[in-house]
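**Student:** Make a model of this:
(one chain, ligands or ions: 2)
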Amino acid sequence: MADKYDYYEILGVNKGASEDEIKSAYRKMAKKYHPDLYSTKPEAERKAAEEQFKKINHAYDVLSDSQKRAAYDQYGDENGPMGGGFGGGATGAQGFGDFDSFFGDFFNAFTGGGRRTTRQNGRIDGDDISATVTIDFMEAVKGVQKDIQISRQETCADCHGTGAKNGSAYKTCGRCGGSGRVTMRQNTIFGQQVVQTVCPDCRGNGRIITDTCKTCGGKGMNKHTRIIHANIPAGIDNGQMLSFANEGNCGRNGGAKGNFILVVNVKPHPLFKRKGYDIFFDVPISYTTATLGGEIEVPTLDGVAKYKISEGTQSGTVCRMSGKGVKRIKSESRGDIYFTVQVQTPTGLSKQQKEILSQFEQTLTPNQSPKQKKFSEYIRK
Ligand SMILES: [Zn+2]
Ligand SMILES: [Zn+2]
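**Tutor:** Ligands and ions are numbered 1, 2, ... in the order given. Below you'll find the model as predicted:
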């Protein structure tokens, strides 16, 4: 992971720095952090300088070697003092000792090979493919099966992926002797290098096709439309992904199949808001129910339920229905429902209603509205 530990940054040079620039930057940095200069310093400072000195040396070791540098530019360094593997999750990522496979990848990256991983003998893993499905809120809560149509590359059945007619109309590549790899001298931006790389004649197959398979035109694979029966589990949330192993594009020359990744979008619900496995919403209740208490009807994921409102419930009170939320994936337990009581102030009162309410108001004592009493006391101070 180059970003974790940047050799160029350690030496204070640009990515395009020349060999001379790197050498001079290294000398400067090595002088600055040389352990001899820190022998009398406090331990923490000495240790830090020692660490930095090690990093500088390692950075120089890589950047001063054109092969290592080219590989580092492409992949980062898994053997760096900070550890960490290669980025990108490439399945065929290999250690520094195996330079030829590196340069196989190096080539592919420049020729538009994408994330495909070239392995020994030109094996290339298939790409993952992805699709998006949009489901209703309740489908996400209860789980649902969806048929997803995908289009993917599959190994040609007529030539078994060889690209040669009947899978047999080919001969061994003369240039590489069937190994799929050759040693080449090439001019790169890093100077001339001798590298082992994918054979350009057979492109790593080790075979030269003498009669092309008509079905796939020699590609060894064909595009097919398939239906994936996706069981979307109860509890799935918006933006979550499901992976279907080996349902992606086929590999080549014996490479592994990619996976199919399904991204699930969940439509919002008109009433329910979901946070994790809990459900939130507002419930309007009458002024009288809030004052006297009473039973109300509350919507839940399992239909309408009764809920007892206690006497003297204030607007904004949050009520909890434990275990009535969304079922957790891979578990039988469920989240909770939280609803917020919204006390409705009646509007459009008749003259008579207003009179009755005024009379009632006059009978109230300050202790019956303690919050209001406290507030009045506060502002009079
Ligand atoms: Zn074919
Ligand atoms: Zn060849």
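
**Student:** Please report how far residue 7 lies from residue 374.
**Tutor:** Distance of residue 7 to residue 374, computed by Cβ to Cβ, to the nearest Å: 66 Å. Heads up, the C-betas are built off the backbone N, CA and C, glycines and all.

**Student:** what's stretch 314-330 in contact with?
**Tutor:** Under the contact criterion Cβ atoms under 8 Å, 6 or more residues apart in numbering, stretch 314-330 has outside partners 140-141, 233-236, 274, 277-279, 283, 290, 298, 300-302, 305, 307, 309, 333-343, 371.

**Student:** I misspoke; the intended subject was stretch 273-283.
**Tutor:** Outside stretch 273-283, the residues touching it (Cβ under 8 Å, 6+ apart) are 137, 235, 237-238, 271-272, 296, 298-299, 301, 319, 324-328, 334-342.

**Student:** what are the ranges of the strands in the stretch 251-381 of the chain?
**Tutor:** 260-266, 273-275, 278-286, 294-300, 303-309, 318-321, 337-344 (DSSP state E, counting those that start in this stretch).

**Student:** Residue numbers of this structure in contact with ligand 2?
**Tutor:** 173, 175, 176, 199, 201, 202 (Cβ under 5 Å from the ion).

**Student:** for those residues, which one is nearest ligand 1?
**Tutor:** Ranked by distance to ligand 1 (Cβ to the ion), those are led by residue 202 at 16.4 Å.

**Student:** tell me, how many neighbours does the closest one end up with?
**Tutor:** If you count neighbours by other Cβ atoms under 10 Å, residue 202 ends up with 24.

**Student:** counting contacts, what elements does the longest helix along the chain pack onto?
**Tutor:** Secondary structure of the chain per DSSP state H: the longest helix is helix 43-63. Under the contact criterion of 3 or more Cβ pairs under 8 Å, 6 or more residues apart in numbering; DSSP states H and E, helix 43-63 touches helix 7-11, helix 19-32, helix 66-75.

**Student:** In stretch 195-204, which residues are buried?
**Tutor:** 195, 196, 197, 198, 199, 201, 202, 203, 204 (16 or more other Cβ atoms under 10 Å).

**Student:** which neighbours does the helix or strand containing the second one have in its sheet, and in what orientation?
**Tutor:** Using DSSP states H and E, residue 196 sits in strand 191-198. Partner strands and pairing direction for strand 191-198 (DSSP bridges) are strand 181-188 (antiparallel).

**Student:** For the residue nearest to residue 228 when sequence neighbours are not counted, give its distance to residue 231.
**Tutor:** Counting by Cβ to Cβ, 6 or more residues apart in numbering, residue 148 is the residue found nearest to residue 228 once chain neighbours are left out, at 4.6 Å. With distances taken as Cβ to Cβ, residue 148 is found 11 Å from residue 231.

**Student:** Check residue 170 too.
**Tutor:** From residue 170 to residue 231 the distance is 42 Å (Cβ to Cβ).

**Student:** Ok, residue 292 next?
**Tutor:** Counting by Cβ to Cβ - residue 292 and residue 231 are separated by 49 Å.

**Student:** Which residue of the two possesses the greater neighbour count?
**Tutor:** residue 292 (13 against 9).

**Student:** So between residue 7 and residue 374, which is more surrounded?
**Tutor:** Set side by side, residue 7 and residue 374 show more neighbours around residue 7, with 25 against 10, by other Cβ under 10 Å.

**Student:** Verify the stated contact: the more buried one with residue 65.
**Tutor:** No - at 11.3 Å, residue 7 does not count as touching residue 65 under the criterion of Cβ atoms under 8 Å.

**Student:** residues shared between the contacts of the two?
**Tutor:** In contact with both residue 7 and residue 65: no residue, using Cβ under 8 Å, 6+ apart.

**Student:** need the contact list for the residue of the stretch 251-381 of the chain found nearest ligand 1.
**Tutor:** Distances between the stretch 251-381 of the chain and ligand 1 by Cβ to the ion are smallest at residue 252, namely 11.8 Å. Applying Cβ under 8 Å, 6+ apart, we find residue 252 in contact with 122, 123, 124, 126, 161, 220, 221.

**Student:** Which members of those residues additionally contact ligand 1?
**Tutor:** Near ligand 1, by the rule Cβ under 5 Å from the ion, you find none of the contacts of residue 252.

**Student:** Just those residues: which are in strands?
**Tutor:** When DSSP state E is applied, the contacts of residue 252 are split such that residue 221 fall in strands.

**Student:** Turn the contacts of residue 252 into a markdown table, including pLDDT.
**Tutor:** Converted to a markdown table, the contacts of residue 252 look like this (pLDDT from 0 to 100):
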| residue | pLDDT |
| --- | --- |
| 122 | 64 |
| 123 | 77 |
| 124 | 85 |
| 126 | 93 |
| 161 | 90 |
| 220 | 91 |
| 221 | 95 |
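
**Student:** Tell me how far residue 173 lies from residue 23.
**Tutor:** 41 Å.

**Student:** Any regions of this structure where pLDDT drops low?
**Tutor:** Within the chain, the ranges that satisfy pLDDT under 70 run 1-5, 75-122.

**Student:** tell me which parts of it are close to ligand 1?
**Tutor:** Within the chain, the positions adjacent to ligand 1 are 156, 158, 159, 213, 215, 216 by Cβ under 5 Å from the ion.

**Student:** OK, contacts around the last one?
**Tutor:** With contact set as Cβ under 8 Å, 6+ apart, residue 216 has these partners: 156, 158, 159, 163, 222.
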